[in-house]
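1. Any chance you can model this:
(one chain, ligands or ions: 1)
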Amino acid sequence: MTSDCDKLRRVHSSSNEDVEALLRLLHQTETELAATKVALEHKSQELVHALAAQREIEAELHQQRDWRDADRRKDEFLATLAHELRNPLAPIRQAALISKAPGATDAQKRWSHDVIDRQVQHMSLLLDDLLDISRVTRGTLALRMQSTELSSIIDTAVETARPTIDAKRHVLSVDVPSEPIQFTADPLRVAQVLSNLLTNAAKYTDPEGQIRLIAHCDGESVIIRVQDSGIGISAAALPRVFNMFSQVHSTTDRSEGGLGIGLALAQGLIELHGGTIEANSGGLGCGSEFTVRLPRRTPRAPGIAPDRPATVANTSRHRILIADDNRDSAETLAALLRLEGHEVTSVHDGPVALSAFNEIKPDVALLDIGMPGLTGYEVARKMRQSSPGASLTLIAITGWGQDVDKERAYAAGFDHHLTKPVDPRRLAELLRF
Ligand code: ADP
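-> Presented below is the predicted three-dimensional model:
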């Protein structure tokens, strides 16, 4: 019994100690937990920072990769551009040599002139595309919206693409509703897009292929599809075809020519109209389809200027002064205009242009803008001041074709603005008064 009592007393005292020990342990654990919590919070902060830093590095790497890609595409583009601009020079030089060879027959001379004409036109189109894409990317391209009819736009596009289509003996079928589709658009720009799609269809299809253009209206949209039976586009390349400088078949199709900006330009022009353009293909070898959707009615956007009306009346001979510091350009243009029966004087700088103007009193002056002594703008302003009210047509002929350049020319007193190389037919139209 005694021993039982002792045992109980010992148990009691030991359980007190245990409780105290437990309490101490609990307290210690609590302190440790608090410290661990602080350490964990610290760690988690560190992790958050590390993650943020890693994301920043990843974004930077991404951006560097994008820059490298853009840089590589730009380099490839410059190489292609040099190649494309150099290409027409050989036939032009050879044709020029043929046309002045003593033994050349009239037929050979005519043929060499056609070659030069064709190649110059090709170069002009390339340069126009380059100027246009730079205007689209800088947001300075203004559409000339007007009420227009779809089939006449399609006719223009087909006419432009026809030589490439015929050269590869493709069969083109055009499927347009019989009733006229009237809508608001810039007809020249839409025709430019469609001729680009048709030309691509011809370029990227083996000879004797099939090309179809189908147009219809769907509610408030005008829908135009260009389909071909050509080399097609892989699923991986499809999302890239509208990127600037992208040429998805670059190794196989370099011979087809092109700068890789046609589709980027087409997309820019269609988006300016408030429309969309998309590409589809069943894959390589399965042909391609491009679909353009244009809103049937486009609100008149600000900054859309109507073309200056050309002065058109009956044909007559003019007394013309040409001022251009590029002598070859001035003299060849003068020769061309003389062949058309005009009386022409050519000079090569601004001050001489002004004294010649006062002396010969021309009724038309064709002025380059960047000339030594006085710019074309200054010359035009002074000509207007010195003969107010005189019947004088001033035409700017420059390498600068941006809309701001045209506006500047009109503000200086020019009636018309032509971009070099001047299209002789357009010039002849302007001189028909
Ligand atoms: P390019 O001047 O090279 O023709 P584009 O911008 O018009 O430039 O076209 C970009 C690329 O898209 C072309 O280089 C070509 O690889 C591809 N492509 C365009 N149209 C077609 C088509 N109808 N069929 C197959 N590939 C096409």
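2. who's Pro295 bridged to?
-> Under the criterion DSSP bridges, Pro295 forms beta bridges with Ser221.
3. Mind listing residues that contact the helix or strand harbouring Ala380?
-> Using DSSP states H and E, Ala380 sits in helix 376-386. When contacts are taken as Cβ atoms under 8 Å, 6 or more residues apart in numbering, the neighbours of helix 376-386 outside the stretch itself are 323, 350, 353-354, 357-358, 365, 367-371, 374, 392, 394, 396, 398, 408-409, 412-414. Quick note: C-beta positions are derived from backbone N, CA and C, even for glycine.
4. rerun that using 6 Å as the cut-off
-> Among residues not part of helix 376-386, those counted as contacts by Cβ atoms under 6 Å, 6 or more residues apart in numbering are 350, 353-354, 357, 367-369, 394, 396, 412-414.
5. in it, what's buried?
-> Neighbour counts over helix 376-386 (16 or more other Cβ atoms under 10 Å) mark 376-384 as buried.
6. Stretch 402-421 now?
-> Residues of stretch 402-421 classed as buried: 405-406, 408-410, 412-421 (neighbour count, 16+ other Cβ under 10 Å).
7. That stretch spans what distance, first to last residue?
-> Chord length of stretch 402-421, first to last residue, is 15 Å (Cα to Cα, to the nearest Å).
8. Could you tell me whether Asp206 really is in a strand?
-> No. With DSSP: H, G, I helix; E, B strand; the rest coil as the criterion, Asp206 is assigned coil and is not in a strand.
9. circling back: the buried residues of stretch 402-421: which two are farthest apart?
-> Pairwise distances among the buried residues of stretch 402-421 were taken by Cβ to Cβ; the largest, 23.8 Å, belongs to Gly413 and Pro421.
10. Specify which member of the buried residues of helix 376-386 is nearest to Ser316.
-> Ser316 has its nearest neighbour among the buried residues of helix 376-386 in Met383, at 20.6 Å by Cβ to Cβ.
11. so how far is His49 from the closest one?
-> For Met383, the distance to His49 equals 70 Å [Cβ to Cβ, to the nearest Å].
12. what do you get for Ala104?
-> Counting by Cβ to Cβ, the gap from Ala104 to His49 is 79 Å.
13. what's the answer for Leu150, then?
-> 60 Å.
14. cool, Gly350 as well?
-> If you measure Gly350 against His49 using Cβ to Cβ, the figure is 65 Å.
15. who's more crowded, the two?
-> Neighbour totals were compared for Gly350 and His49, and Gly350 leads with 22 against 10 (other Cβ atoms under 10 Å).
16. Pretty sure that one sits against Leu374.
-> Yes. With contact defined as Cβ atoms under 6 Å, Gly350 counts as touching Leu374 (2.7 Å).
17. hang on, the earlier thing: tilt between whichever helix or strand comes after the helix holding Ala380 and helix 376-386?
-> Going down the chain from helix 376-386, the next helix or strand is strand 393-398, by DSSP H and E. In terms of direction (axes from the mean of the first three to the mean of the last three Cα atoms, to 10 degrees), strand 393-398 departs from helix 376-386 by 170 degrees.
18. Check which helices and strands strand 393-398 sits against.
-> strand 364-367, strand 416-419 (3 or more Cβ pairs under 6 Å, 6 or more residues apart in numbering; DSSP states H and E).
19. From Ser221, how far out is the residue in the stretch 251-400 of the chain positioned nearest to the ligand?
-> Scanning the stretch 251-400 of the chain for the residue nearest the ligand gives Gly258, at 2.2 Å (criterion: Cβ to the nearest ligand atom). Gly258 sits 29 Å away from Ser221, taking Cβ to Cβ as the criterion.
20. Who has more neighbours out of the two?
-> For Gly258 versus Ser221, the count of surrounding residues by other Cβ under 10 Å is larger for Gly258: 20 against 16.
21. Val286 touches Ile231, doesn't it?
-> To be clear, residue 286 is Cys; Val isn't right here. No. Here Cys286 lies out of contact with Ile231, judged by Cβ under 6 Å, at a distance of 8.9 Å.
22. What parts of the stretch 251-400 of the chain come near the ligand?
-> For the stretch 251-400 of the chain, the residues in contact with the ligand (Cβ under 6 Å from any ligand atom) are 258-264, 288.
23. Can you name the two of the residues you listed that sit furthest apart?
-> Farthest apart among these - using Cβ to Cβ - are Leu259 and Ser288, which lie 18.9 Å from each other.
24. who are the neighbours in contact with the spatially most central residue of the chain?
-> Nearest to the mean C-alpha position of the chain, counting by Cα atoms, centre = their mean, stands Ile133 at 2.2 Å. By Cβ under 6 Å, 6+ apart, Ile133 lies in contact with 261, 265.
25. Before I go, just wanted to say thanks for your time.
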